[in-house]
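Engineer: this is the structure alone, sequence omitted:
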């Protein structure tokens, strides 16, 4: 193990698939939404993918194992997060398949060029406005609130960096579903597949997974609901399979 890549105060989390991710619990750690998105996204053999706002780098690292994609890039604006994600890539020996780039989502097309990717993934900030903010400069606040970019910024840049008929996979909150669909179609990213995620079978959904196609026709498939817990602390079989713990 490369202990020289892990700094004081950080921890190494086992992803249960032979891979690991370095995290700093004082800043921001990946959540279940990232795991669900990596299970929902599809990257085919030979394709290249970009993860916008990659944070810890968890999504490109997981996708490098779960899909046949050729190469994965993570874009992250926060220097400390990008540097830590890069160390996770090196810790796993994935330098040939995963690259972390420090940069602004709003400048993605300028960084990578138009029509550069077959697939884009994003686990964007969910919250708008200042609700719940105590320090807008903290990494956790930047990850959770639309401080440095809006969903419109994400969709606009996704449409620019995707190849024609390329796919966009995202996870978000259902309370913004109308806005998400309107923004996607505004940028010719046609919603094609959707799945609602429920914490328990008798509760309201708290996440939504969406696949959109650049230049696709207007037709969407709604997949069966994904329920996270059978009972408190016990995952359903579907979620266990995502975590590869069955």
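Structural biologist: Thanks, I have it. On a predicted model such as this, the values are computed, not experimentally measured, just so you know. Residues are numbered from 1 along each chain as shown.
Engineer: can you give me the strands for this structure?
Structural biologist: Taking DSSP state E as the criterion, the chain carries its strands at 11-14, 20-23, 48-52, 71-76, 98-102, 117-122, 162-172, 189-198, 207-214, 221-222, 226-227, 229-231, 234-235.
Engineer: redo these as CSV? Include mean pLDDT and mean neighbour count.
Structural biologist: The C-beta positions use only the backbone N, C-alpha and C, and glycine is treated the same way. Shown next, in CSV, are these (pLDDT from 0 to 100; neighbours: other C-beta atoms under 10 Å):
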stretch, mean pLDDT, mean neighbour count
strand 11-14, 92, 13
strand 20-23, 94, 22
strand 48-52, 98, 26
strand 71-76, 98, 25
strand 98-102, 98, 20
strand 117-122, 98, 25
strand 162-172, 97, 22
strand 189-198, 98, 20
strand 207-214, 98, 22
strand 221-222, 97, 10
strand 226-227, 97, 20
strand 229-231, 96, 12
strand 234-235, 94, 14
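Engineer: tell me which of those strands sits nearest to residue 153.
Structural biologist: strand 48-52 (9.4 Å; C-beta to C-beta).
Engineer: which strands and helices sit next to that closest one?
Structural biologist: Applying 3 or more C-beta pairs under 8 Å, 6 or more residues apart in numbering; DSSP states H and E, one finds that strand 48-52 makes contact with helix 58-66, strand 71-76, helix 108-112, strand 117-122, helix 151-161.
Engineer: repeat the analysis, applying 10 Å as the threshold.
Structural biologist: Judged by 3 or more C-beta pairs under 10 Å, 6 or more residues apart in numbering; DSSP states H and E, strand 48-52 is in contact with helix 32-40, helix 58-66, strand 71-76, strand 98-102, helix 108-112, strand 117-122, helix 151-161, strand 162-172.
Engineer: quick one, which of the strands of the chain is nearest to residue 34?
Structural biologist: With C-beta to C-beta as the measure, strand 162-172 is the member of the strands of the chain nearest residue 34 (7.7 Å).
Engineer: in the protein, what helix or strand scores lowest on average pLDDT?
Structural biologist: Least confident helix or strand, the chain: helix 139-144 with a mean of 50, by mean pLDDT, DSSP states H and E.
Engineer: picking up where we left off before, mind putting the strands of the chain into TSV with distance to residue 108?
Structural biologist: Shown next, in TSV, are those (distance: least, C-beta to C-beta, whole Å):
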stretch	distance to residue 108
strand 11-14	28
strand 20-23	23
strand 48-52	7
strand 71-76	6
strand 98-102	9
strand 117-122	9
strand 162-172	10
strand 189-198	14
strand 207-214	14
strand 221-222	28
strand 226-227	29
strand 229-231	35
strand 234-235	34
